[in-house]
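>>> here's my sequence, what's the structure:
(2 chains)
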Amino acid sequence: MQAFHIHYRNTQGTLMRILNAASRRGIDMPYVQAIPNEHTHSVTLLLDVNPKQTGQLCRDWRAIVDVVNVRAGAVSTDVPSSSEWTTPHPPASVSLSGNAARSAMA
Amino acid sequence: MLRGAEIALQCLRAEGVDLAFGYPGGAIMPLYDALRDSGIRHVLTRHEQGAVFAAEGYARATGKVGVAIATSGPGATNLVTGIADAKMDSVPLVCLTGQVRSALIGTDAFQETDVFGMTLSLTKWNRLVRSIEEIPMAIAEAFHWARSGRPGPVVVDIATDALKAKMDFAGPVKFQPHPKPADVHGDSTFSETLIALLETAKRPVALVGAGAKLAGAVDDLRQLLDHLQVPTFATLHGLGAVPAETPYYLGLVGMHGTRAANLALDETDLLLVFGARLDDRVTGDPSRFAPHARIVHFEIDPAQLDRVRPCELAVIGDLSETIPSFYEEVRRVGLPDWSSWRAIACGPDRAEQDPRGLAAPAIRFMDELFRRLPENSVVVADVGQHQMWAAQRYRASSPRGFLTSGGLGAMGFALPAAIGVQLAKPQTTVLCISGDGGFQINIQELATVRRLGVPIKMVIIDNKYLGMVRQWQQLFYSRNYAETDMSDNPDFVEIARAYRIHGLRLDEEAMAETNFAATSDVLDAFLGSPEPELLTFECHPEANVFPMVPAGARLSEMVFEE
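Modelled structure (predicted):
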């Protein structure tokens, strides 16, 4: 597993383009975290890729208009594993009652 | 106060747009309403795919940005093939689409599609414009990204209420991109490394792609290659960058490349790549591609590097800068004598053989057409067997003299693209070559040809099959011609007549020596006509394109006959 840290300006679609570079290659994304980072945003991905894919992904990411920086490195210990996630999935609605939600789905 | 539509059109004018191709509809109506006084000529095609291919043809012929306009929903989805085509072939293209009212976006409103999401992976950049204030910068940015670096398509999807709204407008704006640290710097010492590689090379070759043309560096490239005198060949989009009569030039390389080019690429120990992606149609089996070679890759787009295998030296940058830079260095040093290698690679033992087999009459027909074309004509080829015959036989005399859908291989490209080319170059002879399958994909654009009166010379190579697919079925699927039969084609001459376009038909008998004097007159009249003309050539149903490198084979494993 390889970790990638990508800084980007949070313009329309930039995060989607970053993710698409992996998904178009059929690469699963077991971990994605995007957060604001000073004046830009950053996204961290863990991907199971070979060295050739690493090179291609990094070059594709750098070619995206609003990507500022791309770093690849080993997986660090501060990346939570999925077993540590405690939030329900799918998330419960915070604004609709059960009946209203069912009604909206009909 | 100006409406958003008027502002958008003023911004287009500020970017140098005087011609756009499109098809109106509900959400884009405000833009069409403002077109009349905009100073922009609009060409109505009969399908949005026709519009986007025509815009591509205009862009490919001129190097300028092509503009296509469509409405929301089906209008936008019909643009998608052209957008993908422009992405693959590095064509600068701006597509403007109308979107449903901003308040309705995301509600599955009538004729709503997620154009932004749909085109995200097919564009260099795209933008959903929700308010009138966003329009000037969105258009400025769109043109910047379409033109800059490796050119490509962009999409600006504008909510219809933004086009209708009014605001004070101070004039078009300039987009200033954020400075971006390059990931691979054009190393000023690359020339030393490259010269060292050349000094030890025994069998160097050069592979020319579209990059030198896109960079406007064709003259620089020719100067460098004339100095190096190494065997040189071209990709489909590199054709025309090096004059065909150049003694060290070996023609097309790859799946249907010449024997000489493919053998030289297979044997080389130093491959100089100038602006090419090295896709699978060029490399054959990637694991056995140029097995003895070190690779030097001149490229503007780092994302294209190392797709096949790592290169020895990547020269990243605009070829109009890197090639002259290298030339200045290499002209000062003595290079090894490669004359014996050149004699082998370019020698008579590897020269092209005369066409033979079932394809010979069709190839002779194309040879006779090409021989008659004036200097600097433009040949626009569709996709299929005729495309490969044309690529093998046409000796383009100008860098933008042979245009086709290469990367995407989109049938239906040629006819609308030829319209764009002819409008860009009204004094130039434009020859559009299609197969019977591809011609029918955008056959409705005959109406556009007639309306405009553009004197395009349209040729249909009619074998009553989807010929290239049928060829693969013959060679690799035991002649199981599954769903490629088109023996019930319409009468194309009658179809042309219905569009008030003169048409005529030739068959293989016309190419026999005894009939050729009359045929010659027909071809002269066809090309000399000031009107649009359609000529159908009926060729043998089982004519094939050779040489051929079967998919997954090594370039040296060419097949020359059934």
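
>>> alpha carbons only for contacts and neighbour counts from here, please
Fine.

>>> give me the phi and psi for the residue of chain A with the smallest separation from chain B.
Residue of chain A nearest chain B, by CA to the nearest CA: A:Arg59 (4.7 Å). Main-chain dihedrals, A:Arg59, degrees, to the nearest 10: phi -70, psi -40.

>>> run through chain A and note the low-pLDDT ranges.
A:77-106 (pLDDT under 70).

>>> residue boundaries of the strands in it?
Under the criterion DSSP state E, chain A carries strands at the ranges A:2-8, A:31-37, A:40-47, A:67-73.

>>> let me have those in CSV, extended by mean neighbour count and distance to chain B.
Output for the strands of chain A, formatted as CSV (neighbours: other CA atoms under 10 Å in any protein chain shown; distance: least, CA to the nearest CA, whole Å):
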stretch, mean neighbour count, distance to chain B
strand A:2-8, 21, 11
strand A:31-37, 13, 17
strand A:40-47, 19, 12
strand A:67-73, 17, 6
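
>>> same list (those strands) but as JSON lines, adding distance to B:Tyr499.
Shown next, in JSON lines, are those (distance: least, CA to CA, whole Å):
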{"stretch": "strand A:2-8", "distance to B:Tyr499": "53"}
{"stretch": "strand A:31-37", "distance to B:Tyr499": "56"}
{"stretch": "strand A:40-47", "distance to B:Tyr499": "56"}
{"stretch": "strand A:67-73", "distance to B:Tyr499": "50"}
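
>>> for B:Ala525, which of those is the nearest?
strand A:67-73 (56.1 Å; CA to CA).

>>> and the closest one, what does it pack against?
On a contact count with 3 or more CA pairs under 8 Å, 6 or more residues apart in numbering or on different chains; DSSP states H and E, strand A:67-73 meets strand A:2-8, helix A:51-63.

>>> can I get those in a markdown table with distance to B:Pro172?
As requested, these are exported to a markdown table (distance: least, CA to CA, whole Å):
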| stretch | distance to B:Pro172 |
| --- | --- |
| strand A:2-8 | 27 |
| helix A:51-63 | 27 |
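
>>> tell me which of these lies nearest to B:Gln304.
helix A:51-63 (8.1 Å).

>>> and the closest one, which residues are buried?
Residues of helix A:51-63 classed as buried: A:Thr54, A:Gly55, A:Gln56, A:Leu57, A:Cys58, A:Arg59, A:Asp60, A:Trp61, A:Arg62, A:Ala63 (neighbour count, 16 or more other CA atoms under 10 Å in any protein chain shown).

>>> which one among these gets closest to B:Gly552?
Minimum distance to B:Gly552 across the buried residues of helix A:51-63 is 21.8 Å, recorded for A:Gln56 (CA to CA).

>>> hmm, back to that, and the residue of chain A closest to chain B, how far is that from B:Asp280?
19 Å (CA to CA, to the nearest Å).

>>> kindly report the same for B:Val242.
In terms of CA to CA, B:Val242 sits 22 Å off from B:Asp280.

>>> equivalent analysis for B:Gly216, please.
26 Å.

>>> again, but for B:Asp269
20 Å.

>>> of these two, which one has the most company?
Comparing B:Asp269 with B:Asp280 by neighbour count (other CA atoms under 10 Å in any protein chain shown), the higher total belongs to B:Asp269, at 21 against 17.

>>> hmm, the more buried one is touching B:Pro204, no?
Yes. Counting by CA atoms under 8 Å, B:Asp269 does reach B:Pro204; the two are 6.0 Å apart.

>>> hey, where'd the strands end up in the stretch 251-400 of chain B?
B:270-274, B:294-299, B:313-316, B:378-381 (DSSP state E, counting those that start in this stretch).

>>> after the helix or strand encompassing B:Leu207, next one along is what?
B:Leu207 belongs to strand B:204-208 when elements are defined using DSSP states H and E. Next in sequence after strand B:204-208, counting helices and strands by DSSP H and E, comes helix B:211-214.

>>> centre of the chain to that next one, how far?
Relative to the chain's own centre, helix B:211-214 is displaced by 12 Å; criterion: CA atoms, centre = their mean, to the nearest Å.

>>> what comes into contact with it?
Residues from elsewhere that reach helix B:211-214 (CA atoms under 8 Å, 6 or more residues apart in numbering or on different chains): B:63, B:151, B:218, B:221, B:238, B:241, B:274-276, B:299-300, B:319-320, B:399-400.

>>> now these: which count as buried?
B:63, B:151, B:218, B:221, B:238, B:241, B:274-276, B:299-300, B:319-320, B:399-400.

>>> of the residues you listed, closest to chain A?
Nearest to chain A among the buried ones among the contacts of helix B:211-214, with distances taken as CA to the nearest CA, is B:Ile300, at 10.8 Å.

>>> for the residue in the stretch 301-450 of chain B that chain A sits nearest to, which non-adjacent residue is spatially closest?
Nearest residue of the stretch 301-450 of chain B to chain A, counting by CA to the nearest CA: B:Ala303, 4.7 Å away. Closest residue to B:Ala303 in three dimensions, ignoring its sequence neighbours and counting by CA to CA, 6 or more residues apart in numbering or on different chains: A:Arg59, at 4.7 Å.

>>> just B:Thr235 next, same as before
In space, and not counting its chain neighbours, B:Thr235 is closest to B:Gly209: 5.3 Å by CA to CA, 6+ apart.

>>> dihedrals phi and psi, that neighbour?
When read as degrees, to the nearest 10, the backbone of B:Gly209 gives phi -110, psi -160.

>>> burial count for it?
24.

>>> so it touches B:Gly275, yeah?
Yes. Look at B:Gly209 against B:Gly275 with CA under 8 Å: they come within range, at 5.0 Å.

>>> give the contact list for B:Thr399.
Careful, residue B:399 is Pro; it's not Thr. Contacts of B:Pro399 (CA under 8 Å, 6+ apart): B:Lys213, B:Val218, B:Gly238, B:Leu239, B:Gly240, B:Ala241, B:Val242.

>>> ignore what I typed, I meant A:Thr44.
A:Thr44 neighbours (CA under 8 Å, 6+ apart): A:Ala3, A:Phe4, A:His5, A:Ile6, A:Tyr31, A:Val32, A:Gln33, A:Ala34.

>>> direction included, what does the strand holding B:Leu207 pair up with?
Strand B:204-208 pairs in its sheet with strand B:232-234 (parallel), strand B:270-274 (parallel), by DSSP bridges.

>>> centre of the chain to it, how far?
How far strand B:204-208 lies from its chain's middle: 21 Å, per CA atoms, centre = their mean.

>>> show me what contacts the closest residue to A:Ala3 other than its chain neighbours?
Distances taken as CA to CA, 6+ apart put A:Leu46 closest to A:Ala3, at 4.6 Å, once the chain neighbours are dropped. Contact analysis of A:Leu46 by CA under 8 Å, 6+ apart lists A:Met1, A:Gln2, A:Ala3, A:Phe4, A:Met29, A:Pro30, A:Tyr31, A:Val32, A:Val75.

>>> ok, the fifth one - contacts?
It refers to A:Met29. Neighbours of A:Met29 in contact, by CA under 8 Å, 6+ apart: A:Ala22, A:Ser23, A:Leu45, A:Leu46, A:Leu47.

>>> quick one: B:Val383 and B:Leu415, what's the gap?
In terms of CA to CA, B:Val383 sits 11 Å off from B:Leu415.

>>> give the contact list for the residue nearest to A:Ile6 when sequence neighbours are not counted.
Among residues not flanking A:Ile6 along the chain, A:Val70 sits closest, at 4.5 Å (CA to CA, 6+ apart). Neighbour list for A:Val70: A:Phe4, A:His5, A:Ile6, A:His7, A:Cys58, A:Trp61, A:Arg62 [criterion: CA under 8 Å, 6+ apart].

>>> any idea what the first one is bridged to?
So that's A:Phe4. Bridge pairing for A:Phe4 - DSSP bridges - gives A:Leu45, A:Ala72.

>>> which non-adjacent residue is nearest the residue nearest the centre of chain A?
With distances taken as CA atoms, centre = their mean, the residue of chain A nearest its centroid is A:Val32 (3.3 Å). Nearest in space to A:Val32, with sequence neighbours left out and distances taken as CA to CA, 6+ apart, is A:Leu45 at 4.6 Å.
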